[in-house]
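Asks: coords below, sequence missing:
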Ligand code: IPM
Ligand code: MG
C-alpha cells in the first residue's frame with residue numbers, strides 16, 4: 001500500500017522522537033512492501049517563529065490531503081511565563097484539533113512486565129493493567145463560549161458546552177473500542193454537580209441499549225481519580241469529556257512508569273492524528289535523550305487505525321516489548337547504560 005503521512009515534529013523533543021518513529025515506519029515499509037511518503041509541516045512554537053501562526057493554513061492543507069498525521073509535541077517555555085503573549089504554541093494544537101475535527105482522543109494505558117519496578121505504584125497493583133481512556137477532544141470547556149474577561153478585568157469566564165451530537169459520536173467510538181476489548185465502558189463525569197455531565201449520562205445510557213454486550217458503569221471524576229490508582233486493572237474503556245480526560249490520562253500515565261512510553265490517537269472525520277501523550281519536554285530538547293517509544297507506538301496505532309495494517313502494528317509492538325525485555329531503554333526507564341533516543345530507535349528497527 002502507498003500512504004501519505006503528514007509529519008509535524010513541532011517543538012522541544014518533538015523532532016527527535018518523530019525522527020525515530022519515521023525510521024521505524026520506513027523499516028516496516030521495507031519489510032512489508034509498502035510505500036510511506038512523508039511530508040513535513042510546521043506547527044506550534046516552531047510555526048510561530050517562522051510564520052507568526054501556530055497552525056498555518058499550509059499545514060492544515062497538508063494534513064487534510066494526507067492519509068494520516070504523525071505529530072511530535074507542542075510547547076515552548078518562552079511563551080509559558082508570558083501571560084500577555086498573543087499567540088501561544090498550544091493554540092496551534094487546539095486549532096488543529098478543531099479544524100481537523102479530531103473529536104476522539106484514544107489513550108491506551110498498559111504496563112510492561114520488564115518495567116514494573118519503574119512505577120511508583122506497587123507491582124501487585126499495576127500488573128497486567130490494560131485500559132483505554134477515550135477523551136472527547138473538540139468541545140467542552142476547552143472551546144465553549146463565552147470565554148472572556150468581564151467587569152473591567154475583575155471577572156474571568158470559561159464555558160462548558162456539549163451538544164447531543166458531540167456526545168453521541170464519541171460514545172459510539174468508545175463502545176466500538178470496548179467491543180474489540182473486554183466489553184466494559186466506564187463513564188466518568190461530575191453528574192452530581194454539572195448539567196453537561198447529566199446530559200452525558202442521559203445520552204450514554206440511551207446509546208448503551210444498542211450495545212447489549214457491553215457492561216456500562218459510572219464514576220464521578222473525583223472518585224475515578226482515586227480508583228484509577230487503587231485498582232487500575234478493573235478498567236477497560238474510560239469514556240469522558242475533554243478536561244476530565246486530559247487530567248485523568250496524565251494521572252494514568254504514572255501507572256506505566258514513564259509518560260514517555262505512551263501513545264495516542266486522535267480520530268477525526270476526515271483524517272486522524274497520532275502523537276505521544278508526553279509534551280515537548282523543553283529541558284531535553286536537542287540532547288538525544290528523550291524516550292521515542294511513545295511516538296513509535298503512536299506510529300503503530302496509525303498503521304492499525306488509519307491503514308488497517310494489523311500485522312505491521314503488531315511487529316512494532318513486539319519489537320518494543322523485546323527491546324525492553326532485553327534491558328534496553330532511554331534514561332527515564334533504564335538506570336545502567338541507557339541508550340540515546342536514536343540508538344533506541346535503531347534497536348527497535350533491528351528487531352523488526
Ligand atoms: C494534552 C495536553 C494539551 C491539552 C495542552 C498542551 C493544550 O495537555 O494533549 O493532553 O490540554 O489537551
Ligand atoms: Mg494533557
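Replies: Ah, there it is. Bear in mind the structure is a predicted one, so any value in this text is a computation, not a measurement. Residues are numbered from 1 along each chain as shown. Ligands and ions are numbered 1, 2, ... in the order given.
Asks: nearest residue to whichever residue of the stretch 101-250 of the chain sits closest to ligand 1 other than its sequence neighbours?
Replies: Nearest residue of the stretch 101-250 of the chain to ligand 1: residue 246, at 4.4 Å (Cβ to the nearest ligand atom). The C-beta positions use only the backbone N, C-alpha and C, and glycine is treated the same way. Closest residue to residue 246 apart from its sequence neighbours, by Cβ to Cβ, 6 or more residues apart in numbering: residue 135 at 6.8 Å.
Asks: next, the residue most central in space within the chain: secondary structure please.
Replies: In the chain, the C-alpha nearest the mean C-alpha coordinate belongs to residue 264, at 3.0 Å (Cα atoms, centre = their mean). Under DSSP: H, G, I helix; E, B strand; the rest coil, residue 264 falls in the strand class.
Asks: any idea what the residue nearest to residue 246 is bridged to?
Replies: residue 105, residue 240 (DSSP bridges).
Asks: okay but it is in contact with residue 249, surely?
Replies: Yes. Counting by Cβ atoms under 8 Å, residue 135 does reach residue 249; the two are 6.4 Å apart.
Asks: in terms of neighbours, single out the busier of these two.
Replies: residue 135 (28 against 25; other Cβ atoms under 10 Å).
Asks: and the gap between the residue of the stretch 101-250 of the chain closest to ligand 1 and residue 94?
Replies: Per Cβ to Cβ, to the nearest Å, residue 246 is found 12 Å from residue 94.
Asks: now do the helices in this protein.
Replies: If DSSP state H is used as the criterion, the helices of the chain fall at 14-32, 45-51, 57-65, 77-80, 89-99, 123-126, 164-179, 195-208, 221-230, 242-253, 293-305, 310-325, 341-351.
Asks: quick check: the residue of the stretch 101-250 of the chain closest to ligand 1 touching residue 136?
Replies: No. At 10.3 Å, residue 246 and residue 136 do not qualify as touching, with contact defined as Cβ under 8 Å.
Asks: which of the two has more neighbours?
Replies: Between residue 246 and residue 136, counting by other Cβ under 10 Å, residue 136 is the more crowded of the two (26 against 19).
Asks: ok, the more buried one to residue 105 distance?
Replies: In this view, residue 136 and residue 105 are 8 Å apart by Cβ to Cβ.
Asks: common neighbours of these two, please.
Replies: Common neighbours of residue 136 and residue 105 (criterion: Cβ atoms under 8 Å, 6 or more residues apart in numbering): residue 245.
Asks: coming back round to it: just the helices of the chain: most buried one?
Replies: helix 293-305 (a mean of 25; mean count of other Cβ atoms under 10 Å).
Asks: other SSEs contacting the helix or strand bottoming out on mean pLDDT in the chain?
Replies: The weakest-scoring helix or strand in the chain, judged by mean pLDDT, DSSP states H and E, is helix 77-80 (a mean of 84). In terms of contacts (3 or more Cβ pairs under 8 Å, 6 or more residues apart in numbering; DSSP states H and E), helix 77-80 is not packed against any helix or strand.
Asks: indicate whether that helix makes contact with ligand 1.
Replies: No. Using Cβ under 6 Å from any ligand atom, helix 77-80 stays clear of ligand 1, with a minimum separation of 10.7 Å.
Asks: gap between that helix and the chain center?
Replies: 22 Å (Cα atoms, centre = their mean, to the nearest Å).
Asks: ok, and what's touching that helix?
Replies: With Cβ under 8 Å, 6+ apart as the criterion, helix 77-80 contacts 45, 85, 88-89, 282.
Asks: let's see 10 Å
Replies: For helix 77-80, the surrounding residues in contact (Cβ atoms under 10 Å, 6 or more residues apart in numbering) are 11-12, 44-45, 48-49, 54, 85-91, 280, 282-283.
Asks: for the stretch 101-250 of the chain, which residues are neighbours of ligand 1?
Replies: Counting by Cβ under 6 Å from any ligand atom, the stretch 101-250 of the chain comes close to ligand 1 at residue 246.
Asks: flag the shaky bits of the stretch 101-250 of the chain, pLDDT-wise.
Replies: Scanning the stretch 101-250 of the chain for pLDDT under 70 picks out no residues.
Asks: I figured residue 245 hits residue 132, correct?
Replies: No. Residue 245 is beyond contact range of residue 132, at 11.0 Å (criterion: Cβ atoms under 10 Å).
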